[in-house]
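# what follows is a predicted protein model with its sequence.
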Amino acid sequence: MKKFSLASAFTRLTLIVAGAILLVTILGRLVTLQNIESACAQWPLCAPENSAGWLALTHQLSAIGAGLLMTAFFFSAWKNYRHDIRILPLVTVISVAYFGEALIGSVQLARGFQLHLVVLHGVTSVLVWAGLVALIYISATDAPQAISYAPVGFGLRARDLLTLTKPIVVLLLLATTITTLLAGLGGWPPFPLAFFTLTGGALAAGGSSALNQFIDRNLDKNMQRTENRPLAAGRMFPAEGLSFALMLCLLSYFVLACFVNFAAAALSLAGIFYYVVIYSIWLKTLTVQNIVIGGGAGAIPPMVGWAAATGRVDVVSLLLFAIVFFWTPPHFWALAIVRREDYARAGVPMLPVVRGEAETRRQIWIYTLELFAITLLLPIFQLSGVIYLVSAILLGLWMIWAAWRVLKIEGNKVAWQMYRWSSMYLLFLFVAFMIDAMV
């Protein structure tokens, strides 16, 4: 049995942080039980007029003090434990969860106690304490060693962190989000709604991409397209990539839940789970249908935009989901044709590797025809107007022509063109849907 020791400075710091959070928790519980939250409703500080106000103020001051300790805790881990796959992710999750819990509390004071925020506040508290208990046990029984690392240039580190998020993919996903947000509202949204919807969406997409690169870091070493990614190239520790990814994913949910609505937050969380667990961990190296089934992850952002505008999931958002779902296979299979050797070296069973290029080209053609049919369902069910109908027909014919060329002309050139054109197709289609709804 491992010996429990408090000799480590990091263990002692963890216990101090836990003690500070325990004080915040006890004071917060007293405030809740006495129903005196409104006695000090200003955030972060107030001018108390009675004993209830002083208790509420003490709770707020303890939360601020614990927040300062948590900040020191966070930077200490990122300074000295960037290599530790247990310490760094745990500290990062605990820190983000603590500040997320404080954010929820401030939103509740300002807007009232919505059920989903009350539940989120409780779940976040459990997450913080579970993480602290695990961290205390690990640090007290295994005595993790702090390391002095060689300095890394700010520009290089910022560029690597940005690379982890796959910014080009994020921009395309945000384009489908903002267009459906505007379409759902039928006009320009209030700036806060647009800002927080896009911020939450960017954090979710970037965090999912970073988690994907953490999971695929060994596969990426074998592919020319991905071998220079930060984790594959060894410019970052795996613990750093995992911690950064978890931080973005948690922040995305807090932003969407607190400042948009529960439907948008829940859909975004479902998208993260779909992409990371169903696609990256389960499907990608298991089946040739990885892209077909995994396409659901990229199809969720339009639903997030629609939910941000309407607060619900309905037929329109499901059809928008279907459009992106059927768009994904021809888009990525075109890239897979170009990068077939890369996928073969990495052992990823993409369609061109398993069934050959001829079958892949045929499937691109079939899915493109199905995509064209799906895009016409919106006007058929009178869920869009003439502008979208004309655009869907013209853009669909463009995609069909591109897919026909891929089917009939061998070589990578037409496949690469299909890959690039299909990105523009999706963007133009959603812009047309947005314009149609706004006019």
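Arrived safely, thanks for sending.
# what comes up buried for stretch 427-439?
The neighbour-count criterion (16 or more other CB atoms under 10 Å) identifies L427, F428, L429, F430, V431, A432, F433, M434, I435, D436, A437 as the buried residues of stretch 427-439. In this view, the C-beta of every residue, glycine as well, is placed from N, C-alpha and C.
# just checking, what packs against the helix or strand of the chain with the lowest mean pLDDT?
When the helices and strands of the chain are compared on mean pLDDT, DSSP states H and E, helix 290-298 comes out lowest with a mean of 81. Under the contact criterion of 3 or more CB pairs under 8 Å, 6 or more residues apart in numbering; DSSP states H and E, the helices and strands touching helix 290-298 comprise helix 315-338.
# show residues contacting the helix or strand just after the helix it packs on.
The C-terminal neighbour of helix 315-338 among helices and strands, as given by DSSP states H and E, is helix 340-346. Contact with helix 340-346 is made by L219, D220, N222, M223, Q224, R225, T226, A336, M350, P352, V353, E357, as judged by CB atoms under 8 Å, 6 or more residues apart in numbering.
# got phi/psi on the fifth one?
Just to be clear, that refers to Q224. The phi and psi values for Q224, taken as degrees, to the nearest 10, are phi -60, psi -40.
# how many neighbours does the residue lying closest to it once chain neighbours are set aside have?
Spatially, and ignoring its direct neighbours in sequence, Q224 is nearest to D342 (5.5 Å; CB to CB, 6 or more residues apart in numbering). Per other CB atoms under 10 Å, the neighbour tally for D342 reads 21.
# of the contacts of helix 340-346, which is the nearest to E101?
Minimum distance to E101 across the contacts of helix 340-346 is 34.8 Å, recorded for D220 (CB to CB).
# any low-confidence regions in the stretch 51-200 of the chain?
109-110, 143 (pLDDT under 70).
# please enumerate the helices of it.
With DSSP state H, counting those that start in this stretch, the ranges of helices along the stretch 51-200 of the chain come out as 51-80, 87-111, 115-142, 154-164, 167-185, 191-215.
# what comes up buried for stretch 199-219?
By neighbour count with 16+ other CB under 10 Å, stretch 199-219 contains the buried residues 199-217, 219.
# dump it to PDB, keeping only the CA atoms.
Presented in PDB, the C-alpha positions along stretch 199-219 are these (Å, rounded to 0.1, in the frame of the first residue of the first chain):
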ATOM      1  CA  THR A 199     -17.900  32.100 -28.600                       C
ATOM      2  CA  GLY A 200     -19.400  29.000 -27.100                       C
ATOM      3  CA  GLY A 201     -19.500  27.300 -30.500                       C
ATOM      4  CA  ALA A 202     -15.800  28.200 -31.200                       C
ATOM      5  CA  LEU A 203     -14.800  26.900 -27.800                       C
ATOM      6  CA  ALA A 204     -16.700  23.600 -28.400                       C
ATOM      7  CA  ALA A 205     -15.400  23.100 -31.900                       C
ATOM      8  CA  GLY A 206     -11.800  24.000 -30.900                       C
ATOM      9  CA  GLY A 207     -11.900  21.800 -27.800                       C
ATOM     10  CA  SER A 208     -13.300  18.800 -29.700                       C
ATOM     11  CA  SER A 209     -10.600  19.300 -32.300                       C
ATOM     12  CA  ALA A 210      -7.900  19.400 -29.600                       C
ATOM     13  CA  LEU A 211      -9.200  16.300 -28.000                       C
ATOM     14  CA  ASN A 212      -9.200  14.600 -31.400                       C
ATOM     15  CA  GLN A 213      -5.500  15.500 -31.900                       C
ATOM     16  CA  PHE A 214      -4.700  14.200 -28.400                       C
ATOM     17  CA  ILE A 215      -6.400  10.900 -29.200                       C
ATOM     18  CA  ASP A 216      -4.800  10.700 -32.700                       C
ATOM     19  CA  ARG A 217      -1.300  11.900 -31.800                       C
ATOM     20  CA  ASN A 218       0.300   8.600 -32.600                       C
ATOM     21  CA  LEU A 219      -1.700   8.100 -35.800                       C
END
